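K.L.:
Next come a sequence and a model predicted from it.
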Amino acid sequence: MTDCGFLAPRYGERSLGDLLPAVGAAVGLSGFEDRLGLPTASRYVVLVVDGLGELNLRRHAADAPYLASLLDVREPLTCGVPSTTATSLTSLGTGLPPGRHGLVGYTSRIPGTDRLLNALKWDDSVDPEVWQPYPGVLSVLAGAGAAVAVVNQAEFELSGLTRCSQRGVAYHGTASSWERLDSVCELADEPGSITYAYESELDHTGHGKGCESVEWLQVLHAIDAEAQRLRAELPGDCALLVTADHGMVDVAAEDRVDVDDVPGLLDDVVLMGGEARFRHLYTRAGTVEDVVARWMAELGERALVCTRQEGIDAGWFGDVDEQVLPRLGDVLVASTAACAVLSRRRFHVETKLIGFHGSLTPVEMLVPLLVDVG
């Protein structure tokens, strides 16, 4: 396949899945490997800022002076494929690539059905612990003796995604950034603690207003101030680590392709999943080559269209478990530059978005590794 300027995930070397084991090693727990060269500290706080890509932060460093001051200390990480929240948070939480943990996109096929699993909203018919059967790194860290806790919005505590990515440890639900700050600081008072916290507002604003908008920059500035305040209130022997789950790109109206407007494009496609910049196409038996050719002819250089096996061979998903294979599209459509593949009939809410992510461009794939040891 042509590379299209894509950035391959660095599973097992420098990816989100390598982060929590590295934290475990950095706080002195045996049995964990630090591939990232993290500084030793008696306790760690890991703050994930949804949507804060490395290149997004660099582009707007003036609006986030504290976080930007940490940029050049350590090489960034890659997220996995697709570059989306459910996939990334589960890789972070399990230490596994998507092909193992099985959350392979915002939406993916429930094998044996013609239904999609929305990984953020979930489906009552799907048991999260069957869909993702592996133990999480956080629970393994707790079993090794660390005081481990998750601080996140209260509404997410029992979600399918939380059960896939963070099950087995104490969950502290909060309703505001101030509550999150207080809770994290209280938990970090305990020596040997590892505290995970999550911030969602930047991603939400980027989707709705765009990641170049005034509103996005205002949220970025507020998060920067909160992170600096958090660092000031943490114990001196606590390391603050800030990272993200993916970056983001804005897509203009002229760069959008609505499949409902292209006659014949969905021929032989029984189900379309994924998201606007990384589509899973589930096809009728024996039609994969025809679908690939049809979509290549329509999208041209705006996307890389390939078969499932080609994506696997390119290392997009890491090692792939047998039960995960049918969740991946028979055909994969990864946007190259600023392009979004939409369907107003199937995914109407996506047509209202400005900022997107999911593909393998550097702006989407690179996430920062920012560490402040006080």
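P.N.:
Okay, I see it. Residues are numbered from 1 along each chain as shown.
K.L.:
Spit out the contact partners of Ala149.
P.N.:
Listed by C-beta atoms under 8 Å, 6 or more residues apart in numbering, the contact partners of Ala149 are Val169, Ala170, Tyr171, His172, Leu187, Ser193, Ile194, Thr195, Tyr196. Heads up, the C-betas are built off the backbone N, CA and C, glycines and all.
K.L.:
With Pro65 instead?
P.N.:
Asp224.
K.L.:
The chain should start at 43 in everything you say after this.
P.N.:
With the count now opening at 43, the last piece we talked about shows up as Pro107.
K.L.:
now it: how far from Asp266?
P.N.:
Pro107 sits 7 Å away from Asp266, going by C-beta to C-beta, to the nearest Å.
K.L.:
quick one, strands of the stretch 43-192 of the chain?
P.N.:
Per DSSP state E, counting those that start in this stretch, the stretch 43-192 of the chain has strands spanning 85-91, 119-120, 149-151, 158-160, 189-195. These are given in chain order.
K.L.:
cool, the stretch 193-342 of the chain as well?
P.N.:
Ranges of strands within the stretch 193-342 of the chain are 212-216, 235-241, 280-285, 291-292, 298-300, 311-317, 320-325, based on DSSP E, counting those that start in this stretch.
K.L.:
Tabulate those strands (JSON lines), appending mean pLDDT and distance to Val146.
P.N.:
Converted to JSON lines, these look like this (pLDDT from 0 to 100; distance: least, C-beta to C-beta, whole Å):
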{"stretch": "strand 212-216", "mean pLDDT": "96", "distance to Val146": "25"}
{"stretch": "strand 235-241", "mean pLDDT": "98", "distance to Val146": "21"}
{"stretch": "strand 280-285", "mean pLDDT": "98", "distance to Val146": "21"}
{"stretch": "strand 291-292", "mean pLDDT": "98", "distance to Val146": "21"}
{"stretch": "strand 298-300", "mean pLDDT": "96", "distance to Val146": "22"}
{"stretch": "strand 311-317", "mean pLDDT": "98", "distance to Val146": "8"}
{"stretch": "strand 320-325", "mean pLDDT": "98", "distance to Val146": "7"}
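K.L.:
Nearest to Asp372 among the ones you listed would be which one?
P.N.:
strand 320-325 (4.5 Å; C-beta to C-beta).
K.L.:
elements contacting the closest one?
P.N.:
Counting contacts by 3 or more C-beta pairs under 8 Å, 6 or more residues apart in numbering; DSSP states H and E, strand 320-325 packs against strand 149-151, strand 311-317, helix 330-341, strand 373-377.
K.L.:
neighbour-wise, which of the contacts of Ala191 leads?
P.N.:
Counting neighbours by other C-beta atoms under 10 Å, Tyr238 comes out on top of those with 29 neighbours.
K.L.:
Quick one: the helices in the protein, in order.
P.N.:
Here the chain has its helices, by DSSP state H, at 61-68, 96-101, 107-110, 127-136, 140-143, 170-173, 179-185, 202-207, 219-229, 243-251, 256-275, 330-341, 350-355, 404-407.
K.L.:
Would you mind pulling the contact partners of the first one?
P.N.:
Outside helix 61-68, the residues that touch it by C-beta under 8 Å, 6+ apart are 73-78, 80-83, 86, 88, 119, 134-135, 137, 179-180, 182-183, 186, 188, 236, 281, 283, 285, 411.
K.L.:
now those: which count as buried?
P.N.:
Buried by 16 or more other C-beta atoms under 10 Å: 74, 76-78, 80, 83, 86, 88, 119, 134-135, 137, 179-180, 182-183, 188, 236, 281, 283, 285, 411, out of those.
K.L.:
Count the neighbours of Ala380 for me.
P.N.:
By other C-beta under 10 Å, neighbour count at Ala380 equals 17.
K.L.:
Equivalent analysis for the one 3 residues further on, please.
P.N.:
Counted with other C-beta under 10 Å, the neighbours of Val383 add up to 29.
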